[in-house]
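Q: Sharing a model prediction with you, sequence too.
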Amino acid sequence: MDTTFTYLNQQKTSWKLRLSQTSISNEDQEELKGHLDDVIYELSENGLPDDEIWLLAMKRIGTIDTIESEFGKINPNISFRSNCMLLVYGALAFMFMQLIFILLPMYLFKVYAPQINTAGHIQPDWNILFYGLALTLLLLFSLIAFKGHQLISWIKSVLTHFSAGFAFLAITIIFSSAYLTIQLIDIHGVSFKTLSIFFYMGIMGIISYVLCLVNKIELRTIQAFNRRINWKTSMLIGVFAGLSVTLGYTYHINYLPAIIGCPLFALIGWMLSYSKNPLTNLFTAQLYIMGLWLSGITGEFATVFHIYYFIVLSFLIIGYLFGRSRLPMYRPMNS
Amino acid sequence: MIISKDLIAASSIPIILSTLIQGESYGYEIIKKVKEASNERLLYSDGTLYPVLRKLEDKELIISEWRIADNDKRRRYYQITEKGLEHLKAERLSWQFMNDLLNTLWTPLSLT
């Protein structure tokens, strides 16, 4: 029967393709496909025209989005998720405190107070700052001790409200910590730059991995993730990739920023081609590298910035066009 | 007659388990049984049956197995477990209790 119903086959192929882009497991997909075949077989025995068979079958099975969200509801494993999130919040809170109270004052001191008098005494201004910070810490800890519960639930509600802002904050904290650590540590002229980069990037990777686990984003279902990318997510990904490119600049290896940036941005372009508003997302994804380009446009190496920006940008677009070319024409409807 | 979503959700587990008492079955057949038993008045959105089946399997109330069906197609067959039968017995008592309770409360009234 398969060869005779060409209209139905076409619709079925498109439906199966859309199903394969969801987070539904392969076994469940196979079962749903079998179910659709059974429904179509039953309806076609009544001698209905193909388009009516298809409409009735779709009405009976329900939309793919509904099915996917129903699958998402089962076994959410709430305690595991909240424990993971607690771990991430804890790690970031620690790094935030360390950044504000240890790394930043140390860095400021290193840059702005090079003249320490011969007796080795620190100038009084700096002592005031350090004692002030210590006092603030004391106040903060007592606040946590007395009002900890309210404080934590308030922070939690703010974080869940502004999850994208929180993600930006997390990236800022980790990269600033990495930057300041690299600037501060200098023992016998060795800066431990690569070690620091691997350490902080590793933490970033683990946090991203845990967040993917919590939100049930597996590599296998990357397309399901791609479909849900909005302008905020794409800007985040763009910043993440852009910062990796920036790190590439700090090594004096020829073409390293391009070697890092081109494949990353081609990948982003490919991912965005599946999203719902790809053009907006493409624009927000490149905002960071555009900022980088603007920052260097008046400087001495303006040509380098021009070239890098346009090379990386074209890779983003190539990735997007590649993803686009692999999409069938009927994809936008009903998805 | 429109049955509320809440009631459909609450009753889906005992209904699906009941369709498996007489022996193993597969998704499409389960839907068909429910449809026939309710004289086509209880119509599930077919696709949403499978997440419920997955949930029942996680709770070990049913087990599933992929096999080749008569028409040479691979199909996943579901079977109720001992635990599932126990669960269904308990559910049955609760539903009977609720049914009796409502009937008692409704007796003096003529709900029209």
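A: Received the coordinates, thanks.

Q: residues near residue 45, how many?
A: Using chain A here. Neighbours of A:E45 under the rule other CB atoms under 10 Å in any protein chain shown: 8. Bear in mind the C-beta positions are built from the backbone N, C-alpha and C, glycine included.

Q: To clarify, I was referring to chain B.
A: 16.

Q: If you drop the residues flanking it in sequence, what lies closest to it?
A: Distances taken as CB to CB, 6 or more residues apart in numbering or on different chains place A:G62 nearest to B:S45, at 3.5 Å, with adjacent residues excluded.

Q: so where's chain B shaky on pLDDT?
A: For chain B, residues meeting the criterion pLDDT under 70 lie at B:109-112.

Q: quick check, distance from the lengthiest helix in it to the centre of its chain.
A: Looking across chain B with DSSP state H, the single longest helix is helix B:82-106. Helix B:82-106 has its C-alpha centroid displaced from the chain centroid by 14 Å (CA atoms, centre = their mean, to the nearest Å).

Q: Could you list the buried residues of it?
A: If you call a residue buried by 16 or more other CB atoms under 10 Å in any protein chain shown, then helix B:82-106 has these buried ones: B:84, B:87-88, B:91.

Q: same check, this time on stretch A:34-53
A: Applying 16+ other CB under 10 Å to stretch A:34-53 flags A:34-40, A:43-44, A:50, A:53 as buried.

Q: So which residues on the stretch 1-150 of chain A come close to chain B?
A: Residues of the stretch 1-150 of chain A that fall close to chain B, judged by CB under 8 Å from any CB of the partner chain: A:27-28, A:30-32, A:34-35, A:37-39, A:60-62, A:64, A:66-67, A:70-71, A:73-75.

Q: Sitting in helices, which of those do you find?
A: In helices, judged by DSSP H, the following of the residues of the stretch 1-150 of chain A next to chain B are found: A:27-28, A:30-32, A:34-35, A:37-39, A:60-61, A:64, A:66-67, A:70-71, A:73.

Q: From these, list the buried ones, please.
A: A:28, A:31-32, A:34-35, A:37-39, A:60-61, A:64, A:67, A:70-71.

Q: how close does the residue nearest to B:S45 sit to A:R18?
A: The gap separating A:G62 from A:R18 is 13 Å, by CB to CB, to the nearest Å.

Q: So between these two, which is more surrounded?
A: A:R18 (19 against 16).

Q: who touches B:T48 in this structure?
A: A:62, A:66-67, A:70 (CB atoms under 8 Å, 6 or more residues apart in numbering or on different chains).

Q: and the residues you listed, which two are the farthest apart?
A: Between any two of the contacts of B:T48, the greatest separation by CB to CB is 8.6 Å, found for A:G62 and A:E70.

Q: hey, what's in contact with both of those two?
A: Shared contacts of A:G62 and A:E70 (CB under 8 Å, 6+ apart): B:47-48.

Q: So which helix or strand of chain A has the lowest pLDDT on average?
A: Using mean pLDDT, DSSP states H and E, the weakest-scoring helix or strand in chain A turns out to be helix A:222-227, at a mean of 80.

Q: Name the residues of it that are buried.
A: A:222, A:224-227.

Q: picking up where we left off before, okay if I get the contacts of B:T48 as JSON lines plus pLDDT?
A: Formatted as JSON lines, these follow (pLDDT from 0 to 100):
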{"residue": "A:G62", "pLDDT": "90"}
{"residue": "A:T66", "pLDDT": "88"}
{"residue": "A:I67", "pLDDT": "89"}
{"residue": "A:E70", "pLDDT": "85"}
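
Q: quick one: contacts for the nearest residue to A:L56 once chain neighbours are set aside?
A: Leaving aside its chain neighbours, A:L56 sits nearest to A:L43 (5.6 Å; criterion: CB to CB, 6+ apart). A:L43 makes contact with A:53, A:56-57, according to CB under 8 Å, 6+ apart.

Q: what's the answer for B:S12, then?
A: B:S12 sits in contact with B:44, B:52, where contact means CB under 8 Å, 6+ apart.

Q: Name the helix or strand for it, please.
A: Taking DSSP states H and E as the criterion, B:S12 maps to helix B:5-19.

Q: So which bits of that helix are buried?
A: In helix B:5-19, counting by 16+ other CB under 10 Å, buried: B:12-19.

Q: From these, pick the one nearest chain A.
A: B:S12 (11.0 Å; CB to the nearest CB).

Q: Give me the pLDDT for A:M204.
A: Model confidence at A:M204, given as pLDDT, is 88.

Q: Verify the stated contact: it with A:I173.
A: No. Distance between A:M204 and A:I173: 10.1 Å, which falls outside the contact criterion (CB atoms under 8 Å).

Q: neighbour-wise, which of those two wins?
A: Legend: neighbour count by other CB under 10 Å for A:M204 and A:I173, higher for A:I173 (21 against 18).

Q: Could you tell me which residues make contact with the more buried one?
A: Counted by CB under 8 Å, 6+ apart, A:I173 has contacts A:92, A:95-96, A:99.

Q: if you set the cut-off to 6 Å instead, what comes out?
A: A:95-96, A:99 (CB atoms under 6 Å, 6 or more residues apart in numbering or on different chains).
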